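J.: dropping the sequence and predicted coords here.
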Amino acid sequence: MRRTLVRLGIPLSPKIVYHTLVYKFSYLDYMEKDTTPGYLLKYKEELTMLLHKSQDTFEKQLSYISAGSLALSIGFIKDVVKDINTANHKWLLNFGWAFLGITLLVNCISHIRAAELHNKTIDDINKGKYDDKLVTNRFKEIGYVNWSTVITLIIGIASIIIFVSINILS
């Protein structure tokens with residue numbers, strides 16, 4: 001593989017080698033060499049683990065972005081708008097802050113709800129009552145909530161940016 005990378009003119013940084021190895025072995029071990037149920041089950045478990053890590057990272061980053069945006073906008077609004085009483089379209093600022101707050105609140109509730117749904121699925125498995133459709137619906141519920149928080153985050157940040165833009169130009 002090292003020779004292949006050199007022939008292709010790809011610099012051999014450790015990061016590139018690592019990602020190439022991970023991709024090659026993940027893909028080759030599970031898809032090209034063997035498609036028996038055992039290998040596919042192992043591949044499915046790996047994908048599930050990556051999905052959980054990804055969702056956990058998503059929730060953390062969403063919280064950091066929304067909380068940071070809220071804190072920065074509150075802290076720096078006095079530098080952008082000298083006198084808030086004379087600012088134009090103050091409702092945009094309030095709207096933005098409200099949506100950032102909603103993002104944080106819904107994200108916290110989503111985290112609790114996801115744990116609750118995972119526990120229900122574990123209980124179903126332990127009781128021998130596992131239903132794939134029910135589990136899929138549970139994951140969809142969390143997915144919808146995650147998308148709604150992304151939308152509220154975008155609306156909140158956009159509202160604050162529009163407010164700042166209007167008042168800088170005034």
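T.: Happy to help now that I have it.
J.: and whichever strand or helix holds H52, what does it pack onto?
T.: H52 is located in helix 37-80, with elements delineated by DSSP states H and E. Applying 3 or more C-beta pairs under 8 Å, 6 or more residues apart in numbering; DSSP states H and E, one finds that helix 37-80 makes contact with helix 90-126, helix 132-169. Quick note: C-beta positions are derived from backbone N, CA and C, even for glycine.
J.: can you give me the pLDDT of the residue of the chain most remote from its centre?
T.: Taking C-alpha atoms, centre = their mean as the measure, the residue most remote from the mean C-alpha position of the chain is T86, 37.7 Å away. Per-residue pLDDT puts T86 at 83.
J.: related to what we said a few turns ago, what's the angle between the helix holding H52 and helix 90-126?
T.: 160 degrees (axes from the mean of the first three to the mean of the last three C-alpha atoms, to 10 degrees).
J.: got the angle for helix 37-80 vs helix 132-169?
T.: Using the same axes, to 10 degrees: helix 37-80 against helix 132-169 is 20 degrees.
J.: which ones are touching the residue nearest to I74 when sequence neighbours are not counted?
T.: In this structure, I74 finds its nearest non-sequential neighbour in W97, 7.4 Å apart by C-beta to C-beta, 6 or more residues apart in numbering. Contacts for W97 (C-beta atoms under 8 Å, 6 or more residues apart in numbering) come out as 70, 73-74, 156, 160.
J.: just the buried residues of the residues you listed.
T.: 70, 73, 156, 160 (16 or more other C-beta atoms under 10 Å).
J.: okay, these in JSON lines with pLDDT next?
T.: Formatted as JSON lines, the buried ones among the contacts of W97 follow (pLDDT from 0 to 100):
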{"residue": "L70", "pLDDT": "88"}
{"residue": "S73", "pLDDT": "86"}
{"residue": "G156", "pLDDT": "95"}
{"residue": "I160", "pLDDT": "92"}
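J.: and those, which is closest to W91?
T.: Nearest to W91 among the buried ones among the contacts of W97: I160, at 11.9 Å, using C-beta to C-beta.
J.: so the closest one sits against S73, correct?
T.: Yes: using C-beta atoms under 8 Å, I160 makes contact with S73 at a distance of 4.9 Å.
J.: returning to what we had before: out of the contacts of W97, the closest to I112 would be?
T.: Distances from I112 to the contacts of W97, taken by C-beta to C-beta, are shortest for L70, at 20.6 Å.
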